[in-house]
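[1] I would like to see how this sequence folds:
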Amino acid sequence: MKKRLFSALCAGVIMLTALSGCGEKTQDTTTVRVASLKGPTTLGLVNLMKKSDEGEASGKYEFTMKTQPDEILAMMVSGDVDIALVPANVASVLYNKTEGGISLVDINTLGVLYCVTGDESIKSIADFAGKTVITTGQGATPEYAINYLLDKNGITDCTLEFKSEATEIAAVLMEDPTKIAVLPQPFATVAKLQNESLNTAFSLTDEWEKVSDDSQLITGVTIVRNDFLSGHEKEVENFLSEHVESADKATSDIQGTAELTAEYGIIEKAKVAELAIPECYIVCIKGEDAKNALSGYLETLFDANPKSVGGALPEESFYDFTVSK
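    Predicted coordinates for the structure are as follows:
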């Protein structure tokens, strides 16, 4: 009798252990699918990507890097990715497209736009009066940011000439360094390395701060699908914690991060990355700070062109997750 009772107890213990193990395994193997854009918005993520590949991250991740925002937008709409690092205005567009189906996690990158030229008379946005400025990003952040600054400075006679690729602008500047261009990092750094006649005239971030008291120039934000968030809030919280750590390391260990950006193909050359990283305003802003900064920026874009944010500003619920952290 005692033998049968002991055997039954052992069997019960084994079963409980097995069930417990299965539960832990299910939690441990929940993969968070993360998509980001090749460029500055991924710089703050690359240290986490490395930790994940080496099995040292506390969460399990699957990272995808794309070259166009529309690719990531489509993946979010279809549910093929859970968390995405996208341009700030694209987050608002996606919020409207999904009828409130996403939430803000953090702000990952502030302003990365710089005026590059060999024309020494160009010192600020005010000097764009009567000039032609070459840039990328028609219908995106560069166009909206430049037009906002032109309007705030009362400039009506500046012509924007758009190119589809930053490499096209670099070629124009190589031929004639007196041309005026607005380029994002790391392309501004690349252009200067290719032609020593070029200089950074000013940062659009600095110019923004001169004319705006209630918003910041924001490049990239991190968002999450609410369908995923509702069942995996702990995983998203863990990602946010690891993202903060990764972004901090990007700014404290610039050389190491630069080497990783080359390894992962974010910026091809570590030397370029090392020079560009300090100019990329890599951050991981969350909570009320994130809400206040982003809502102010999106409102500025909305006032200039409602289509830039998808026709309407996100509702308060868009900020609930980050504010709670």
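
[2] Tell me which stretches of the chain form strands.
    Secondary structure of the chain, counting by DSSP state E: strands at 31-37, 60-66, 83-87, 102-110, 113-117, 132-135, 159-162, 180-184, 199-203, 218-225, 282-285.

[3] Could you single out the most deeply buried of those strands?
    Highest mean neighbour count of the strands of the chain: strand 218-225, a mean of 28 (counted as mean count of other Cβ atoms under 10 Å). The way it works is simple: take the backbone N, C-alpha and C, and place the C-beta from them, glycine included.

[4] To Asp253, which of the strands of the chain lies closest?
    For these, proximity to Asp253 was assessed by Cβ to Cβ; strand 282-285 is nearest, at 11.8 Å.

[5] so what does the closest one touch, helix or strand wise?
    strand 102-110, helix 233-252 (3 or more Cβ pairs under 8 Å, 6 or more residues apart in numbering; DSSP states H and E).

[6] Give me the contacts around that strand.
    Contact with strand 282-285 is made by 40, 43-44, 106-110, 240, 243-244, 246-248, 250-251, 293, as judged by Cβ atoms under 8 Å, 6 or more residues apart in numbering.

[7] try it again with 6 Å
    Here strand 282-285 makes contact (Cβ atoms under 6 Å, 6 or more residues apart in numbering) with Leu43, Gly44, Asp106, Ile107, Leu110, His243, Val244, Ala247, Ala250, Thr251.

[8] Now a PyMOL select for only the buried ones of these.
    Remark: buried members of the contacts of strand 282-285, expressed as a PyMOL selection using 16 or more other Cβ atoms under 10 Å:
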select buried, resi 43+44+106+107+110+243+244+247+250+251
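
[9] which stretches of the stretch 1-150 of the chain have low pLDDT?
    1-29 (pLDDT under 70).

[10] got the residue ranges for the helices in it?
    Secondary structure of the stretch 1-150 of the chain, counting by DSSP state H, counting those that start in this stretch: helices at 2-28, 40-43, 46-53, 69-78, 88-97, 141-152.

[11] so can I have a markdown table of the contacts of strand 282-285 showing distance to Lys152?
    Below are the contacts of strand 282-285 laid out as a markdown table (distance: Cβ to Cβ, whole Å):
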| residue | distance to Lys152 |
| --- | --- |
| Leu43 | 29 |
| Gly44 | 29 |
| Asp106 | 27 |
| Ile107 | 22 |
| Leu110 | 18 |
| His243 | 32 |
| Val244 | 33 |
| Ala247 | 30 |
| Ala250 | 31 |
| Thr251 | 29 |
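
[12] Which single one of the contacts of strand 282-285 is nearest to Lys50?
    Among the contacts of strand 282-285, and counting by Cβ to Cβ, the member closest to Lys50 is Ala250, at 11.2 Å.

[13] per-residue confidence for the closest residue to the closest one other than its chain neighbours?
    Excluding the flanking residues, the one nearest Ala250 by Cβ to Cβ, 6 or more residues apart in numbering is Thr257, at 4.6 Å. You'll see Thr257 listed with a pLDDT of 97.

[14] Could you tell me how many residues sit around Gln138?
    By other Cβ atoms under 10 Å, the residues close to Gln138 number 12.

[15] Figure out which of the strands of the chain is closest to Ala270.
    Closest to Ala270 of these, according to Cβ to Cβ: strand 282-285, at 16.2 Å.

[16] per-residue confidence averaged over that closest one?
    For strand 282-285, mean pLDDT is 96.

[17] Output that strand as PDB, nothing but the C-alphas.
    Output of strand 282-285 as PDB, limited to C-alpha atoms (Å, rounded to 0.1, in the frame of the first residue of the first chain):
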ATOM      1  CA  ILE A 282      19.900  58.200 -30.800                       C
ATOM      2  CA  VAL A 283      17.500  58.000 -27.800                       C
ATOM      3  CA  CYS A 284      14.900  55.800 -26.100                       C
ATOM      4  CA  ILE A 285      12.400  58.200 -24.700                       C
END
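
[18] partners of that strand, with directions?
    Using DSSP bridges, the strands paired with strand 282-285 are strand 102-110 (antiparallel).

[19] Which residues does the strand it pairs with contact?
    Residues outside strand 102-110 that contact it (Cβ under 6 Å, 6+ apart): 40-41, 44, 85, 94-95, 218-226, 240, 281, 283-286, 290, 318-319, 321-322.

[20] So what's the gap between that strand and the chain middle?
    A distance of 7 Å separates the centroid of the chain from that of strand 102-110, by Cα atoms, centre = their mean, to the nearest Å.

[21] What angle do helix 69-78 and it make with each other?
    160 degrees (axes from the mean of the first three to the mean of the last three Cα atoms, to 10 degrees).

[22] when you compare where strand 102-110 runs with where strand 83-87 runs, what's the angle?
    Taking the same axes, to 10 degrees, one finds strand 102-110 and strand 83-87 inclined to each other by 50 degrees.

[23] export strand 102-110 as PDB, just CAs?
    This file holds the C-alpha atoms of strand 102-110, laid out as PDB (Å, rounded to 0.1, in the frame of the first residue of the first chain):
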ATOM      1  CA  ILE A 102      -1.200  50.300 -32.700                       C
ATOM      2  CA  SER A 103       0.400  51.900 -29.600                       C
ATOM      3  CA  LEU A 104       3.500  54.000 -29.000                       C
ATOM      4  CA  VAL A 105       6.400  52.200 -27.200                       C
ATOM      5  CA  ASP A 106       9.100  54.900 -27.400                       C
ATOM      6  CA  ILE A 107      10.800  57.600 -29.400                       C
ATOM      7  CA  ASN A 108      14.100  56.100 -30.800                       C
ATOM      8  CA  THR A 109      15.600  58.900 -32.900                       C
ATOM      9  CA  LEU A 110      15.400  62.600 -32.800                       C
END
